[in-house]
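Visitor: after the sequence you'll find the predicted model.
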Amino acid sequence: MTKNAFALTRRAAAIALLAAPLLAQAANFPSKPIRFIVPYTPGGTTDLVARTVGQKVSEKLGQPVLIDNRGGAGGNIGMDAVAKAAPDGYTIGFGAISTNALNPHIYKSMAFDPRRDFTAISLLGTSTIVLEVPASSPIKSVPDLIAAAKKNPGLPYATAGAGTSMNLAGVMFAQMTGTELVHVAYKGSGPAITDMLGNNIGVMFDNLPASLPHIQAGKLRALAVAGPSRSPSLPDVPTMAEAGLKGYALDPWFGVYGPANLPAPIVKALNEAFVEALAMPDVKAKLQQAGFSPRGSTAQELATLTQTEYQRLGDVARKAGMTAD
């Protein structure tokens, strides 16, 4: 055996020794509770989806799925905890179009790179963004809002946080209407909705599940939805395109991620559990009623989506000059 061949053999043996414990864990996965980090505050879309689907995943895998809400920095704090966790399948995260595609382009400092620091597991689905105002507002339609924004440059609008898909929706709206809007970032949908109900802020872009009960109760008025088609939950509310903004369409997506280098058997077990849970009729009905469209996927499909959206939203962010602290 040559010196180089001997060195390669030693290196391969060392790698095998390091991998052996992970492979052993994978064979018995799961043998303890799984922590599912939701990088946003309780009460929003992500929390609803995580708890609904997590319960079914728990039943499938035979271990508790513990929801761990870690809000802050547009979801970056929670997803950083996922990136730094051991790649054993016992810590997974609720990633999104913001945390895994948009944020790296707008935050000055990022503790992780979504292209290399995660293992994709499965899509969870897409949410609907709704443009809304308080029920008492004189603004009745998208053209009304555009007129008000042009009359009052610097009109503030609320979202659940800087760098979120709702923030992106507001940036796109301002770009396409030629208006000057000021973004007011809240720490989650709940506090922003509270201020909306108290007439402390007059316009909001929000993920529909959080706002839908207030819209249905007549406390908030939905002007339009951001997606390419109307929401089944709000069939009478037009899309942005129908309201006059031709070409406007934004469908926020969400997915499950683990740390980088998650063993394939663990990815397979988690993927199968999430895909099965998302296809259950009772889960689909509950989430669709709340304005969320559940859809599982292969791990590769989510990995590919992450890469392509990273590139696409980088271009959008640069063009808009989007930044966040």
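Guide: Nice, I can see it.

Visitor: from now on I want contacts and neighbour counts done on CA atoms only, so please keep to that.
Guide: Will do.

Visitor: so what's the residue count around Ala249?
Guide: Using other CA atoms under 10 Å, Ala249 has 18 other residues around it.

Visitor: C-alpha coordinates for stretch 288-307, PDB please?
Guide: Taking C-alpha atoms only, stretch 288-307 is exported to PDB below (Å, rounded to 0.1, in the frame of the first residue of the first chain):
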ATOM      1  CA  GLN A 288     -57.700  25.600   4.600                       C
ATOM      2  CA  GLN A 289     -60.500  27.100   6.800                       C
ATOM      3  CA  ALA A 290     -57.900  29.300   8.400                       C
ATOM      4  CA  GLY A 291     -56.600  30.500   5.000                       C
ATOM      5  CA  PHE A 292     -53.500  28.200   4.700                       C
ATOM      6  CA  SER A 293     -53.000  25.800   1.800                       C
ATOM      7  CA  PRO A 294     -51.200  22.700   3.100                       C
ATOM      8  CA  ARG A 295     -48.900  20.700   0.800                       C
ATOM      9  CA  GLY A 296     -46.100  18.300   1.500                       C
ATOM     10  CA  SER A 297     -43.300  17.600  -0.900                       C
ATOM     11  CA  THR A 298     -40.100  15.600  -1.300                       C
ATOM     12  CA  ALA A 299     -37.100  16.800   0.500                       C
ATOM     13  CA  GLN A 300     -35.400  17.600  -2.800                       C
ATOM     14  CA  GLU A 301     -38.300  19.700  -4.000                       C
ATOM     15  CA  LEU A 302     -38.000  22.000  -0.900                       C
ATOM     16  CA  ALA A 303     -34.200  22.100  -1.400                       C
ATOM     17  CA  THR A 304     -34.600  23.200  -5.000                       C
ATOM     18  CA  LEU A 305     -37.200  25.800  -4.100                       C
ATOM     19  CA  THR A 306     -34.900  27.200  -1.400                       C
ATOM     20  CA  GLN A 307     -32.100  27.700  -3.900                       C
END
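
Visitor: show me where this structure has strands.
Guide: With DSSP state E as the criterion, the chain has strands at 34-38, 65-69, 91-96, 118-127, 129-134, 155-159, 181-185, 204-207, 220-225, 253-259, 292-294.

Visitor: which one, of those, ends up nearest to Arg318?
Guide: With CA to CA as the measure, strand 181-185 is the member of those nearest Arg318 (17.0 Å).

Visitor: report all helices and strands that the closest one contacts.
Guide: In terms of contacts (3 or more CA pairs under 8 Å, 6 or more residues apart in numbering; DSSP states H and E), strand 181-185 is packed against strand 155-159, helix 165-177.

Visitor: tabulate the ones you listed (CSV), appending distance to Phe292 and mean pLDDT.
Guide: Listed next are the helices and strands packed on strand 181-185 as CSV, based on distance: least, CA to CA, whole Å; pLDDT from 0 to 100:
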stretch, distance to Phe292, mean pLDDT
strand 155-159, 18, 97
helix 165-177, 14, 92
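
Visitor: mean neighbour count and distance to Lys319 added to the ones you listed, as JSON lines?
Guide: Formatted as JSON lines, the helices and strands packed on strand 181-185 follow (neighbours: other CA atoms under 10 Å; distance: least, CA to CA, whole Å):
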{"stretch": "strand 155-159", "mean neighbour count": "22", "distance to Lys319": "20"}
{"stretch": "helix 165-177", "mean neighbour count": "20", "distance to Lys319": "10"}
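
Visitor: out of the strands of the chain, flag the one nearest Met79.
Guide: Smallest distance to Met79 across the strands of the chain (CA to CA): 6.3 Å, for strand 91-96.

Visitor: now the element after that closest one, going C-ward?
Guide: Downstream of strand 91-96, the next assigned helix or strand under DSSP states H and E is helix 97.

Visitor: helices or strands up against that following helix?
Guide: Applying 3+ CA pairs under 8 Å, 6+ apart, one finds that helix 97 makes contact with no other helix or strand.

Visitor: what about the helices in the chain?
Guide: For the chain, applying DSSP state H gives helices covering 3-27, 45-61, 76-83, 97, 103-106, 142-151, 165-177, 189-197, 208-216, 264-278, 281-289, 299-320.

Visitor: which one of these lies nearest to Phe36?
Guide: Evaluated over the helices of the chain, closeness to Phe36 peaks at helix 45-61, with 7.8 Å, by CA to CA.

Visitor: sorry, back to before: now the helices and strands packed on strand 181-185 as CSV including distance to Val49?
Guide: Shown next, in CSV, are these (distance: least, CA to CA, whole Å):
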stretch, distance to Val49
strand 155-159, 19
helix 165-177, 16
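
Visitor: Val65 and Lys32 touch, don't they?
Guide: No: contact between Val65 and Lys32 fails when scored by CA atoms under 8 Å: they sit 9.4 Å apart.

Visitor: the more surrounded of those two?
Guide: Val65 (25 against 12).

Visitor: how about the contacts made by the more buried one?
Guide: The contact partners of Val65, by CA atoms under 8 Å, 6 or more residues apart in numbering, come to 33-36, 54-55, 57-58.

Visitor: residues near the nearest residue to it once chain neighbours are set aside, how many?
Guide: Spatially, and ignoring its direct neighbours in sequence, Val65 is nearest to Ile34 (4.8 Å; CA to CA, 6 or more residues apart in numbering). Look at Ile34: counted by other CA under 10 Å, it has 21 neighbours.
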